[in-house]
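Engineer: after the sequence you'll find the predicted model.
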There are 2 protein chains.
Amino acid sequence: MNLREFSELLGLSPTTVSRALGGYPEVREETRKRVREAAALHGYRPNRRAAALATGRAMAIGHVIPSSLNHEMVNPVFADFIAGAGEIYARAGYDMLISVVSDGDEEGAYRKMAEAGSVDGTIVHGPRQEDKRIELLRETGIPFVVHGRTGEGDAEYSFVDVDNRRAFKKLTDHLLDLGHRRIALANGLLHLDFARRRQEGWAEALRKRGIDPDPALASSDEMTEQAGYLAMRNALALPNPPTAMIACSYIMGLGVQRALHEAGLTPGKEVSVALHDDMLSYLSNGATTPTFTASRSSVRAAGIRCAEILLQSIANPNGPIVQEVWQSELVLSTTTGPVVERP
Amino acid sequence: MNLREFSELLGLSPTTVSRALGGYPEVREETRKRVREAAALHGYRPNRRAAALATGRAMAIGHVIPSSLNHEMVNPVFADFIAGAGEIYARAGYDMLISVVSDGDEEGAYRKMAEAGSVDGTIVHGPRQEDKRIELLRETGIPFVVHGRTGEGDAEYSFVDVDNRRAFKKLTDHLLDLGHRRIALANGLLHLDFARRRQEGWAEALRKRGIDPDPALASSDEMTEQAGYLAMRNALALPNPPTAMIACSYIMGLGVQRALHEAGLTPGKEVSVALHDDMLSYLSNGATTPTFTASRSSVRAAGIRCAEILLQSIANPNGPIVQEVWQSELVLSTTTGPVVERP
DNA sequence: GGCAATCCTCAAATCGGTTTAAAATCCGAG
DNA sequence: CTCGGATTTTAAACCGATTTGAGGATTGCC
């Protein structure tokens, strides 16, 4: 059923019906009510495509999520980020358009979205150092918000990020305070900006105590359970193994834990384990007492906030740039403890 | 840049340009080449909204993913399912439209998509017993594929499902063969069809060996780590605790494992642990040797297959219904072992 | 009752493509 | 040189909404 048919059914003109449903004031309340009820009854709903064409607004937000080709893997944080953002979109009547592209084709996907006008704005996920996407999006003029950030302070775009450097400095400091001197890091891939920041936080904390960060203790890989496992196993095989390990995510931490169990070691005893926790909904870090010592920050909340900022800047394109750096909370558990000398 | 401007730039009519880009044969190859090159050069791309309106095809597939309001959680299998499906969509030039709705509003979201014509087809996730969405979608006439299924055999819609009953029967049989008699089950929420099937598989295996399934041993909750933890902890607190636990997902299994460690028990020794593994990309169940004894089936592969079937039935609405029930593979690990009498 | 001021409704233009039907061009044959 | 048929190109209608500017109906006031 299209607008004309529906309006004929009601004995009204298309204009009046459109206005009644659109909430414009040029229509009597009584008429509006009649139209609304008839629409619900007959299941009439304005065609989204036609409305988009007429108004110039697609009423959709684009997300490009990269799928690592080698590992056929999608970062699990997307699920929670999208859950948060999607809630805000839905409330504002926006759809969410998702493009899954293989790692590296992201630029093309953003360009496509922008040129074809299929979205009103986008979120940039997983910014790299010197990320071309940001320049590209700025050229197209399409509003966007970055989850994370890139480069140093001089950014001229809206973003929401965790203070990754500080978070990892805190984790490292905590371990240093417990007497650890050889502290390993199981990091994500270093071309991602947040991974670099985390590594810097780790290195900075060590240097402040006069310890030279040992490159052999800093590994970098996709953030999977298996990668965490391998990082810990390799670390244990070193001539001079670490007494503590910091993992970049809860998932990696699980792998670290597995490697320790396999070696007959207990987290928090022979080797301490700390991690950064994105607070994924299905992986609560213990309800009452936390399972892992962790710095934590909800990626779901970040999704909500990014969506809010984006919708705001779509509504008001000349509004201010919003840049938020969130501090993460440090929670302590039994997986970190005083250093124990091994025989 | 719109079509008219672009075609004027080339000194051609809009029709010719549209045909050249659309690959229609009424255009000389030389002209087509010229148009293609100019489009790439000037970044012209047909407006998606206008094209959708003109052709009547939205070139988008809708997914409605429920977010549990209580737990603010999105099932992590969506990420992998969507990664698989998205790949197929992208290859065929389709977008993926996602609606995150709170549990229970799903029907409305599907209706909205169908009535507003914003998608050409949808995937139904997490079918319930007696699922209204299926009848609704059939009424709208929009093609759809169900991930999972509902009711018994007489279904008249396309679906891809794992043989959940058989999978859980196999897991239970494996534990029975090892001598276990009190086998607990940490299930998902029972209004979900797959959870009921799993429970039936478990019960059936027990009855075949003359054991009456103990309701106290079958728990049911959201499929989170915490739920797995609680299920195991509660089970251990029973007057007559189980010697084995079957978890409904890898994530739940992690919680089970945590409860056991906390109680000073080792999976596969005092208590055996088996689970169903969706083979999420970031949670490989051990690369070389599996971490958990598990029945496994890739949810990513299911996403790919569902997408293929859906696109097929969009291209050919009168094509056959496709119903696939996949068998899962049983992999053995050290988390299951012979029953040990506890003092 | 007449007139102005509101309030509501309408016809028509518009968004940017696709596609049908008609016109223009090209080619070789007669 | 002309004609017929094949090949390209074009003008115009259409998809289904929104929205402008104009006209029609109501109401209030004198």
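Structural biologist: Perfect, thanks for sending it. Bear in mind that the values here come from a model prediction, so they are computed numbers and not experimental data.

Engineer: give the burial count for residue A:216, as a bare number.
Structural biologist: Using other Cβ atoms under 10 Å in any protein chain shown, residue A:216 has 14 neighbouring residues. For every residue, glycine as well, the C-beta is placed using N, CA and C.

Engineer: these two touch, right, residue A:260 and residue A:272?
Structural biologist: No - if you go by Cβ atoms under 8 Å, residue A:260 and residue A:272 don't touch, sitting 10.1 Å apart.

Engineer: give the contact list for residue A:314.
Structural biologist: A:120, A:121, A:143 (Cβ atoms under 8 Å, 6 or more residues apart in numbering or on different chains).

Engineer: quick one: residues contacting the residue in chain A that DNA strand C sits nearest to.
Structural biologist: Using Cβ to the nearest atom of the strand, residue A:13 is the residue of chain A that sits closest to DNA strand C, at 2.7 Å. Shown in contact with residue A:13 (Cβ under 8 Å, 6+ apart): residue A:7.

Engineer: coming back round to it: nearest to residue A:253 among the contacts of residue A:314?
Structural biologist: Lowest distance from residue A:253 to the contacts of residue A:314 (Cβ to Cβ) belongs to residue A:121, with 34.2 Å.

Engineer: so how far is chain B from the closest one?
Structural biologist: Remark: distance between residue A:121 and chain B (Cβ to the nearest Cβ, to the nearest Å) = 15 Å.

Engineer: could you dump the contacts of residue A:314 to a markdown table with neighbour count, secondary structure and pLDDT?
Structural biologist: As requested, these are exported to a markdown table (neighbours: other Cβ atoms under 10 Å in any protein chain shown; DSSP: H, G, I helix; E, B strand; the rest coil; pLDDT from 0 to 100):
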| residue | neighbour count | secondary structure | pLDDT |
| --- | --- | --- | --- |
| A:120 | 23 | coil | 96 |
| A:121 | 23 | strand | 96 |
| A:143 | 23 | coil | 96 |
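
Engineer: what does chain A have sitting close to DNA strand C?
Structural biologist: A:12-16, A:19, A:25-29, A:31, A:50, A:53-54, A:56 (Cβ under 7 Å from any atom of the strand).

Engineer: PyMOL command for the buried members of those?
Structural biologist: To isolate the buried members of the residues of chain A next to DNA strand C in PyMOL, using 16 or more other Cβ atoms under 10 Å in any protein chain shown:
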select buried, chain A and resi 12+16+19+27+50+53
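
Engineer: filter the residues of chain A next to DNA strand C down to the ones close to DNA strand D.
Structural biologist: A:14, A:15, A:19, A:50, A:53, A:54.

Engineer: quick one, phi psi at the residue nearest to residue A:332 when sequence neighbours are not counted?
Structural biologist: Nearest-residue entry for residue A:332: residue A:293, 5.2 Å, with adjacent residues in sequence omitted and distances by Cβ to Cβ, 6 or more residues apart in numbering or on different chains. Torsion angles at residue A:293 (phi, psi; degrees, to the nearest 10) stand at phi -70, psi 130.

Engineer: tell me how far residue A:199 lies from DNA strand D.
Structural biologist: The gap separating residue A:199 from DNA strand D is 50 Å, by Cβ to the nearest atom of the strand, to the nearest Å.

Engineer: for residue A:5, same thing?
Structural biologist: Residue A:5 is 7 Å from DNA strand D, by Cβ to the nearest atom of the strand.

Engineer: counting neighbours, what do you get for residue A:248?
Structural biologist: 29.

Engineer: ok, it touching residue A:277?
Structural biologist: No - Residue A:248 is beyond contact range of residue A:277, at 10.3 Å (criterion: Cβ under 8 Å).
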